[in-house]
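Q: return atomic coordinates for the entry below.
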Amino acid sequence: MPAGSPRFPELVLATSNSGKLREFRAILGELSVTFRSLTAFPEVQLPEEGDDYEANAVAKARAIADAAGRPALADDSGIEVEALGGAPGPRSARFGGADLDDAGRVEKLLADLAASGERDRSARFVCVAALAFPGGEVITARGECPGRILDAPQGGGGFGYDPIFEVEGGGRSMAELPPTEKNRISHRARALLSLRDVIRQRIVS
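A: Numbers count the residues shown, from 1 in each chain. Got it, this is the predicted structure:
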């Protein structure tokens, strides 16, 4: 094997978000794959994101697979709040504008929910994952996790909207779950695990 060659086949993960990277690697860690993040491919330009989970995930995965010449795995995720008509949805990471961080977006969502006057706090996390191969082939999978919006943040784990999302039937926020449990039941876990066998067959083998 030439010096510097990866020990295992490579799969590029379409994110530089440290929280997402930890989850990707934890969920798919049993696979004999070398996971690379976008920081290893600074030449890759991601497309502008729109209002559709699948279109966003597919566009990112294709752009990376074509530019890096390796299989790429992307996801697009969001939280959908019933009382807000399903918002922020695919715009969850951009909710409130580029100046807001995770805490600011959480605060805005709680404020918008309070201003709506609705008592229904049901919500769900949604994720669509896309596995793309150089040449254009893409395979997608969708995962959802139902729950409700809490009155205030709870827990110090996770990222994004996790502290205000109570998992259905669990009595705890997503941020209060141990990582092993979150990476079994979350929307992202459900989408990625649906692609695990494809990755094993098409990339590892």
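Q: stretch 97-107: end-to-end distance?
A: Looking at stretch 97-107, the gap from its leading to its trailing residue is 13 Å under the measure CA to CA, to the nearest Å.
Q: neighbouring contacts of the helix or strand that contains residue 195?
A: Using DSSP states H and E, the element containing residue 195 is helix 187-199. By CB atoms under 8 Å, 6 or more residues apart in numbering, the residues outside helix 187-199 that reach it are 11, 20, 23-24, 27-28, 31, 33, 71, 73, 75, 77, 124-129, 131, 139, 141-145, 182-183. (Glycine included, C-beta is placed from N, CA and C.)
Q: from the residues you listed, list the buried ones, please.
A: Under a neighbour-count criterion of 16 or more other CB atoms under 10 Å, the subset of those counted as buried comprises 11, 20, 23-24, 27-28, 31, 33, 71, 73, 75, 77, 124-129, 131, 139, 141, 143, 145, 182-183.
Q: of the contacts of helix 187-199, which belong to helices?
A: Among those, DSSP state H puts 20, 23-24, 27-28, 182-183 in helices.
Q: any idea which of the residues you listed is least confident?
A: Across the ones in helices among the contacts of helix 187-199, no position has a lower pLDDT than residue 20, which has 81.
Q: tell me the contacts of that one?
A: For residue 20, the contacting residues are 13, 75, 159, 188, taking CB under 8 Å, 6+ apart as the criterion.
Q: which two of those residues have the greatest separation?
A: The distance between the two most remote of those (CB to CB) is 15.4 Å, for 13 and 159.
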